[in-house]
Each structure stands twice: as structure tokens, then as C-alpha cells.
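> Return atomic coordinates for the entry below.
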Amino acid sequence: MLAELPKIKFEDETKPGWMAVRDSAGRAQKPVIRCQCGVNTGIGLHHVHADGTVTKSFHHAAVDHFFHNGKRYGHVPGCGWHVFLKLKDYDLGDFPPEE
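You can find the predicted model right below:
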């Protein structure tokens with residue numbers, strides 16, 4: 001399933017959506033996703049392409065850990081939402097996955 005997310009602000013109650021993030025020097029950072037359940041989450045292991053396509057799929061896993069490239073990651077369990085994301089009106093550039 002493809003979910004096209006609107007650009008939102010942190011103070012918005014809209015869900016789901018994506019939020020632009022900048023560092024203290026004003027440089028664009030990888031966006032934050034607000035899940036359908038209302039939780040804000042980073043997408044460090046995903047690739048955000050310049051056209052707003054996010055690869056691989058977004059999964060707000062309902063378990064307390066997962067493995068990626070042999071490394072274990074722990075997190076607060078999510079709602080289980082599993083979709084492919086397209087960030088509408090995205091214009092922050094290309095952000096490859098973080099290792």
C-alpha cells in the first residue's frame with residue numbers, strides 16, 4: 001500500500017504526515033514521520049529520494065526490537081502500520097540510509 005503523506009508541522013495534530021527538520025546551522029536533515037497512530041519517528045535506515053519517495057517500506061513495528069544488516073535495534077513498540085511512503089511537496093534533497 002502507498003501512503004502519500006502531507007507536509008505538516010510538529011505542532012499540527014494532523015496524522016499521518018512528514019515534518020521538515022533542520023540542524024542548528026539551518027541545514028536540512030532527514031524528515032521525521034508522524035505515524036497514523038500519532039507517534040513521531042525517525043527514518044534513519046530509510047532512503048529519502050529527492051522526489052519524496054522513501055525506500056524501503058515504513059513499518060512501525062509492534063515489537064520491541066528488529067534486526068537490520070545483522071545489527072539489533074530496540075525501540076518502543078509501534079502500531080504495526082506497514083506502508084510505502086511518498087512525501088508530498090518534498091523539496092529537501094536526497095538522504096541515503098544511515099549506517
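> Pull the contacting residues for the nearest residue to Arg72 once chain neighbours are set aside.
Closest residue to Arg72 apart from its sequence neighbours, by C-beta to C-beta, 6 or more residues apart in numbering: His65 at 5.8 Å. The way it works is simple: take the backbone N, C-alpha and C, and place the C-beta from them, glycine included. Going by C-beta atoms under 8 Å, 6 or more residues apart in numbering, His65 touches 72-75.
> If we use 7 Å, what do you get?
72-74 (C-beta atoms under 7 Å, 6 or more residues apart in numbering).
> who wins for most neighbours among those?
The most crowded member of those, judged by other C-beta atoms under 10 Å, is Tyr73 (12 neighbours).
> can you pull up the bridge partners for that residue?
Judged by DSSP bridges, the bridge partners of Tyr73 are Phe66.
> if we can go back for a sec, for the residue nearest to Arg72, give its distance to Arg34.
22 Å (C-beta to C-beta, to the nearest Å).
> Same question for Ala50.
Relative to Arg34, and taking C-beta to C-beta, Ala50 is found at 21 Å.
> Kindly report the same for Glu11.
For Glu11 relative to Arg34 (C-beta to C-beta), the value is 11 Å.
> Let me see the ranges of the strands in the protein.
Assigned by DSSP state E, the chain shows strands spanning 2-5, 17-22, 28-34, 40-42, 47-48, 53-59, 65-68, 71-74, 82-87.
> Redo these as JSON lines? Include mean pLDDT and distance to Gly93.
Shown next, in JSON lines, are these (pLDDT from 0 to 100; distance: least, C-beta to C-beta, whole Å):
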{"stretch": "strand 2-5", "mean pLDDT": "97", "distance to Gly93": "17"}
{"stretch": "strand 17-22", "mean pLDDT": "96", "distance to Gly93": "11"}
{"stretch": "strand 28-34", "mean pLDDT": "96", "distance to Gly93": "6"}
{"stretch": "strand 40-42", "mean pLDDT": "93", "distance to Gly93": "17"}
{"stretch": "strand 47-48", "mean pLDDT": "98", "distance to Gly93": "8"}
{"stretch": "strand 53-59", "mean pLDDT": "95", "distance to Gly93": "13"}
{"stretch": "strand 65-68", "mean pLDDT": "78", "distance to Gly93": "23"}
{"stretch": "strand 71-74", "mean pLDDT": "84", "distance to Gly93": "25"}
{"stretch": "strand 82-87", "mean pLDDT": "98", "distance to Gly93": "12"}
